[in-house]
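S.K.: Any chance you can model this:
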Amino acid sequence: MKQNRFRNFSLVLLFLLTTFFTACQSEKKQLKIENPLPVEFGDPYILKASDGMYYMIGTGGVTDGFKMYSSSDLKNWKDEGRIYQGNTSDSWNIANFWAPELYEKDGKFYLLFSADWRENPTNELENFRIGVAVADNPTGPYTDLFDRPIFDPGYPVIDGNLWFENDKVYLYYSRCCYKNPVESEVADWAREKGMFDEIEESWVYGVELQPDFSGIIAEPKLLLRPPLKMDDQQAEWESRSVTSGEVNRRWTEGSYLFKNEDTYYIMYSANYFGGKNYAVGYATSDSPLGPFQKADNNPVLQKNVEQGGIVTGTGHNSVTVAPDGETMICVYHGRTSETGDERVVFIDPMEITADGKLVVHGPTTAEK
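M.R.: Residues are numbered from 1 along each chain as shown. Sure, this is the predicted structure:
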């Protein structure tokens, strides 16, 4: 009799625990974001700070600088206004303030960003460099840490991203397409078709930084570039801006690095940021500076109009974690048939599957 009661109690307990964990899992999946957010940002980046708040920055919203939105739940956002003013009489930068990222380190907040460098003796049309500003509070105001860019590689660079590991800091960036023509089978194909005489490319590099962000250690390493051969598995999706006749450039930009277990994942965007073919892929490595192997399930985020959706131009993403502390969130910009040419922010869940594949569950839009 006691054994029956014990068995019944165990069955009830098992049922309650199963119901509880099922409810927890269901709750984790309940983070429903009404995409797109009413925020006209390109290159969005969200920091979940130690105070539990989310701080979103991006390209646009103000001239000559950056603004911010804050949220406690990723759904309701407060406009925090301008947090950084560039193009001042004593600033190193003068225009084109792009791709900001925000980091919390040792009680301070650091704003990494791209802008046109004031120093331009040869009058280059693209003279972008990466700088850093600092503040005591996440909402700023931020002031330049140095009166110069972090470093000068001798060519224009954008889209800085940082990775902190132990006592080391790594910088990832994109060398601009500007004055970087590259011979490839895609370039040969474009010439044969009479489309373009040359194809310029942007490449992603990685380099170790000084811990105080004052400069680089050693020489930058080339990590990612567009494929040379047209039968490469990545060539079709990474070359759409060229093969569609849109522009004579192939991009590898907007890199974002994170680590899952023992594997480093670097996400990146390809194609023209102002067009419909902008899309996201990723590569993996067992070292923060590579070599990286591009994934066979690329692209993991792209336009959905061929599937009946309304989203195009998805790209330049960052990654954060949902309020449940576990669900990975992909933050990116895109365009819809309703929002027009302005880039707007999307937030969708992403995951690493049991076999190590990165999957973004998007783009999604709210049902009207």
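S.K.: Residue nearest the middle of this structure, spatially speaking?
M.R.: For the chain, residue 317 is the residue whose C-alpha lies nearest the centre (Cα atoms, centre = their mean; 2.8 Å).
S.K.: Check which residues of the one helix or strand that residue maps to are buried.
M.R.: Assigned by DSSP states H and E, residue 317 falls within strand 311-321. By 16 or more other Cβ atoms under 10 Å, the buried positions in strand 311-321 come out as 311, 312, 313, 314, 315, 316, 317, 318, 319, 320. All C-beta atoms are positioned from the backbone trio N, CA, C, and that covers glycine.
S.K.: Tell me which two of these sit farthest apart.
M.R.: 312 and 320 (23.5 Å; Cβ to Cβ).
S.K.: just the helices in this protein please.
M.R.: Assigned by DSSP state H, the helices in the chain fall at 2-28, 185-192, 235-238, 240-243.
S.K.: Can you pull out the residues in contact with the second one?
M.R.: Right, helix 185-192. For helix 185-192, contacts defined as Cβ atoms under 8 Å, 6 or more residues apart in numbering pick out 181, 196-199, 226-230, 235, 239, 242-243, 248, 250.
S.K.: now with 6 Å?
M.R.: 196, 199, 229, 230, 239, 242 (Cβ atoms under 6 Å, 6 or more residues apart in numbering).
S.K.: are any of the residues you listed buried, and which?
M.R.: 196, 199, 239, 242.
S.K.: would you turn those into CSV with pLDDT?
M.R.: Output for the buried ones among the contacts of helix 185-192, formatted as CSV (pLDDT from 0 to 100):
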residue, pLDDT
196, 98
199, 98
239, 98
242, 98
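S.K.: Identify the farthest-apart pair in the residues you listed.
M.R.: 196 and 239 (11.7 Å).
S.K.: any low-confidence regions in the protein?
M.R.: The chain contains residues with pLDDT under 70 at 1-30, 367-368.
S.K.: Scan it for its longest strand.
M.R.: Using DSSP state E to assign secondary structure, the strand with the most residues in the chain is strand 93-105.
S.K.: buried ones in that one?
M.R.: For strand 93-105, by 16+ other Cβ under 10 Å, it's 93, 94, 96, 97, 98, 99, 100, 101, 102, 103.
S.K.: ok, residues contacting it?
M.R.: Here strand 93-105 makes contact (Cβ under 6 Å, 6+ apart) with 43, 45, 47, 49, 55, 57, 59, 65-66, 86-87, 110-116, 118, 159, 162.
S.K.: try 8 Å
M.R.: 42-43, 45, 47, 49-50, 55, 57-59, 64-66, 84, 86-87, 109-118, 128-129, 131, 138, 158-162, 164, 254, 316, 318.
S.K.: and those, which are buried?
M.R.: Among those, those buried by neighbour count (16+ other Cβ under 10 Å) are 42-43, 45, 47, 55, 57-59, 64-66, 84, 86-87, 109-118, 128-129, 131, 138, 158-162, 254, 316, 318.
S.K.: Next step: these restricted to strands.
M.R.: Going by DSSP E, the strands hold 42-43, 45, 47, 55, 57-59, 65-66, 84, 109-117, 128-129, 131, 158-162, 254, 316, 318 from the buried ones among the contacts of strand 93-105.
S.K.: re the thing from before, restricting to C-alpha, output the longest strand of the chain in PDB.
M.R.: Presented in PDB, the C-alpha positions along strand 93-105 are these (Å, rounded to 0.1, in the frame of the first residue of the first chain):
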ATOM      1  CA  ASN A  93      36.700  63.200 -36.900                       C
ATOM      2  CA  ILE A  94      34.700  65.400 -39.200                       C
ATOM      3  CA  ALA A  95      31.900  63.400 -40.900                       C
ATOM      4  CA  ASN A  96      30.200  60.100 -41.700                       C
ATOM      5  CA  PHE A  97      29.700  58.800 -38.100                       C
ATOM      6  CA  TRP A  98      28.900  55.100 -38.600                       C
ATOM      7  CA  ALA A  99      28.600  51.700 -36.900                       C
ATOM      8  CA  PRO A 100      29.000  52.500 -33.100                       C
ATOM      9  CA  GLU A 101      29.400  49.700 -30.600                       C
ATOM     10  CA  LEU A 102      29.200  50.000 -26.800                       C
ATOM     11  CA  TYR A 103      31.300  48.100 -24.200                       C
ATOM     12  CA  GLU A 104      31.400  48.100 -20.400                       C
ATOM     13  CA  LYS A 105      34.800  47.600 -18.800                       C
END
